[in-house]
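Q: dropping a prediction and its sequence here:
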2 protein chains.
Amino acid sequence: MVQNSLIVQKEGDGRSTKVPRNVNLQKLRNGYLFPQIASQELQHLEKYPNAKLISLGIGDTTEPIPDSITLSMANYAHALSTAEGYRGYGAEQGNKELRKAIAKTFYKDVPVKDTEVFVSDGSQCDIARLLLLLGSNVTITVQDPSFPAYIDSSVIVGQAGDFEDEIGKYHNIEYLGCGPQNNFFPDLKSVCRTDIIFFCSPNNPTGHAATRNQLEQLVEFARDNGSIIIFDSAYAAYITDDSPRSIFEIPGAREVAIEISSFSKFAGFTGVRLGWTVVPEELLFSSGFPVINDFDRIMCTCFNGASSIAQAGGLACLSCEGLEATASLVEYYKENTKILVETVASLGIKVYGGINAPYIWAHFPGKKSWDVFTEILEKTHITTVPGSGFGPGGEGYIRISGFGHRENILEASKRLEMLFT
Amino acid sequence: MVQNSLIVQKEGDGRSTKVPRNVNLQKLRNGYLFPQIASQELQHLEKYPNAKLISLGIGDTTEPIPDSITLSMANYAHALSTAEGYRGYGAEQGNKELRKAIAKTFYKDVPVKDTEVFVSDGSQCDIARLLLLLGSNVTITVQDPSFPAYIDSSVIVGQAGDFEDEIGKYHNIEYLGCGPQNNFFPDLKSVCRTDIIFFCSPNNPTGHAATRNQLEQLVEFARDNGSIIIFDSAYAAYITDDSPRSIFEIPGAREVAIEISSFSKFAGFTGVRLGWTVVPEELLFSSGFPVINDFDRIMCTCFNGASSIAQAGGLACLSCEGLEATASLVEYYKENTKILVETVASLGIKVYGGINAPYIWAHFPGKKSWDVFTEILEKTHITTVPGSGFGPGGEGYIRISGFGHRENILEASKRLEMLFT
């Protein structure tokens, strides 16, 4: 995942164009987190060519996609070579059938129309498109720690001020500290209003799923302030308890929320690329103009529909057989996560998450995340993700992913036991 | 392709948020061109439910994908259900093998490295990502007429001023008039410098492929002015004569050009979604910072790789068998286009293009494009694209697409003959 890192800056080179570099790109700190982790893995393997590296870092699925789903994709691909089965451009918003199936499957008890569902090539891309839609004149709030694409894309679009090294934060971005001290949910009374609030539940990286009461507070806060919540439910399938799986379970959310979600983590579609975004018709800009109209325009102009083959796979995921098979996949990763939670907890390390999400948030008080990351990598050949990569609120933590082959999870547990006992 | 057009603005509705609508989105005129055309088709079919509509409008491929290519995609999909064949996230820049094959196939005589090739889900998306990369503080030039995504995405990113109805142009955008009067290439001596120059060859919509001499002038102009050319070669496979197929055939281009291209039109991948962008290492911002580094950051942060199945198909396209099969596909559409050129020309209508591109640019002096579009649609049940949809320079023209089943092309020719004789 790491490329071109060797292109050395040639400041003032005579061959430079006169085109100024985008000041927003200039504000970004370091590379994007996950390619950085991939780069660390590669470097480690160069240093220890015989090491059996176990990746509990990037949240990448490892288990095969159920064959009823791959069969649908293969059949769709085959049909593209026949006169009857060939299809060119699809609707930019996604195939109608798939939009209906998403609305019916994930929003069956909440009022989401199929025309409010926009199929995409994944949540990370939708985050960028939503921020492009909103433009540089809006202010944003993120949970701290949070999935780094929210902040990085926001910086790229021009919503952020400069980065302040001392506090590890960008100016003009509100950071909602979410940790064990506040049950991973801030006291909203002390939070400043922004236009946009990114909120991820079950949370990446902390693994915490917001309770119904917490989400009710969030929706009320957005309604009182006229803010828009961008709710990321990519890990909703991992919820074990009765935490809401969609922001639209909360009354009043349709007027203040957008939801982004994905097939990546429940169906193993990380490489196939398929996600969706729900924009309710009732969501209006201050002028009364419907947000859905602008999102539609963005999808038509800056995107051109998700791969038709991936969409055929998505539809198969949502059949009875597909739902059953993907539920087993989720169970597998949940069992992995449970094993890791028990291991890490048994070592006297305080762990969070891991019940409603495939991520464990392990606390090493007084230590630096990158130091813990490096120590674990050096001594056990296991990659994790340093919590500070998700924001200053993640300092002292590491994120451990439950994605992996079972034998690797068991082996990783043994290695961690040896390291910490 | 048309959705949500019925959401009525509810200005000042009590339920509005306090989030301002992006002023850039507000500047856009009408919807995006191609969904508008699709909407016209739907309306026409509602009016004439029994009409046998022939679409020579949106440039959408109609012929099956060669089966060696679909087989590769099907096999890849099947393998995703096996322990050995499963793959999760791929490299954000594309699979290494595919990047190599693209460099080797399309740039074999020009110095393009595989690490300079970024695989994507299509050119339209890359246009938006490139403009996002460049930010709102650059100025742009487009050919007039031009593919509407250049201008529309530029407006969305904030590079354009207001639209002026009287002249049909946005302020702050330079329009290079390209028509038969100047052999579809402007006198660059009278052109103002901008940071970015979009240039499409073979051109959509005019079908003109720029000559080597024209492209040499363009590169020299960019070098003299320190501009960056974004060269769109999506139709390069349709070139019949010795016009350059890549901007990188022109000496000196590596320091001033980016190239975007696509599998859509030569392999029938419009629905599969696969394209690429070449960013040479030598291309530098005014500070000397390499553009490729920022593009890499955008691809990692705002994109997450093209569908792995589509990439497997792309690789199959570039095998010997795949190249041969896709060449036949291109020949088929070229023959279609030839039939249409001959028909239209025989009717005394002046036609351009159609030799190096699957588009015919037909001139109806003194008439309005939309009137001609409507007349043809009403009287022959054939959709085209009104030239004015591509910019004020397209007024008086219509674009006729050579994509279609042969029998429809022949039938369309008959209907056009009946209309115009």
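A: Received, thanks.

Q: please enumerate the helices of the stretch 251-400 of chain A.
A: A:264-267, A:291-302, A:308-317, A:320-346, A:369-380 (DSSP state H, counting those that start in this stretch).

Q: indicate which one of these is closest to residue A:171.
A: helix A:369-380 (22.8 Å; CB to CB). Glycine gets a C-beta too; all of them are placed from N, C-alpha and C.

Q: angle of the least confident helix or strand in chain A by mean pLDDT against helix B:291-302?
A: Sorting the helices and strands of chain A by mean pLDDT, DSSP states H and E puts helix A:33-47 at the bottom, at a mean of 93. Here helix A:33-47 points in a direction 110 degrees away from that of helix B:291-302 (axes from the mean of the first three to the mean of the last three CA atoms, to 10 degrees).

Q: tell me the first helix or strand C-terminal of helix A:33-47.
A: As assigned by DSSP states H and E, the chain's next helix or strand after helix A:33-47 is strand A:54-55.

Q: just after that next one, pick out the following helix or strand.
A: Moving toward the C-terminus from strand A:54-55, the next element (DSSP H and E) is helix A:67-79.

Q: what packs against that next one?
A: helix A:308-317, helix A:320-346, helix B:67-79, helix B:308-317 (3 or more CB pairs under 8 Å, 6 or more residues apart in numbering or on different chains; DSSP states H and E).

Q: give me the residues contacting it.
A: A:85-86, A:267, A:272, A:308-310, A:312-313, A:315-317, A:319, A:321-322, A:325-326, B:67, B:70-71, B:73-75, B:77-81, B:309, B:313 (CB atoms under 8 Å, 6 or more residues apart in numbering or on different chains).

Q: chain center to the least confident helix or strand of chain A: distance?
A: 20 Å (CA atoms, centre = their mean, to the nearest Å).

Q: list of residues touching it?
A: Counting by CB under 8 Å, 6+ apart, A:1-2, A:5, A:30-31, A:51, A:53, A:55, A:57-58, A:148, A:373, A:377, A:381, A:383, A:385, A:389-390, B:92, B:300 sit against helix A:33-47.

Q: which helix or strand contains residue A:142?
A: strand A:140-144.

Q: my read: residue A:355 touches residue A:243, true?
A: No: between residue A:355 and residue A:243 there is no contact under CB atoms under 8 Å: 9.6 Å.

Q: what do the two both touch?
A: Going by CB under 8 Å, 6+ apart, residues that sit against residue A:355 and also against residue A:243 are residue A:209.

Q: most tightly surrounded among the helices of the stretch 251-400 of chain A?
A: helix A:308-317 (a mean of 26; mean count of other CB atoms under 10 Å in any protein chain shown).

Q: circling back to that earlier point, remind me what the strand holding residue A:142 packs against, helices and strands.
A: helix A:148-157, strand A:173-177, strand A:196-200.

Q: can you name the residues in contact with the first one?
A: Spelled out, that is helix A:148-157. Outside helix A:148-157, the residues touching it (CB under 8 Å, 6+ apart) are A:22, A:24-25, A:27-28, A:32-34, A:124, A:127-128, A:131-132, A:134-136, A:140, A:142, A:160, A:170, A:173, A:198, A:230, A:389-391, B:132, B:298, B:301-302.

Q: per-residue confidence for the one residue in the stretch 101-250 of chain A that gets nearest to chain B?
A: Of all residues in the stretch 101-250 of chain A, residue A:226 sits closest to chain B, at 2.9 Å by CB to the nearest CB. At residue A:226, the model reports a pLDDT of 98.

Q: name the helix or strand for the residue nearest to it when sequence neighbours are not counted, please.
A: Residue nearest to residue A:226 in three dimensions, not counting chain neighbours: residue B:18, with 2.9 Å by CB to CB, 6 or more residues apart in numbering or on different chains. Using DSSP H and E, residue B:18 maps to neither a helix nor a strand.

Q: go on, residue A:99?
A: helix A:96-106.

Q: just want the angle from that helix to helix A:308-317.
A: Going by the same axes, to 10 degrees, helix A:96-106 makes 40 degrees with helix A:308-317.

Q: helix A:96-106 and chain B, are they touching?
A: No: remark: helix A:96-106 sits outside contact range of chain B, by CB under 8 Å from any CB of the partner chain, the gap being at least 9.1 Å.

Q: now do that helix against helix A:320-346, angle only.
A: 50 degrees.

Q: the next helix-or-strand element following helix A:96-106 pairs with which strands, and in what direction?
A: With elements assigned by DSSP H and E, the helix or strand that comes after helix A:96-106 is strand A:117-120. Here strand A:117-120 has these sheet partners by DSSP bridges: strand A:275-278 (antiparallel).
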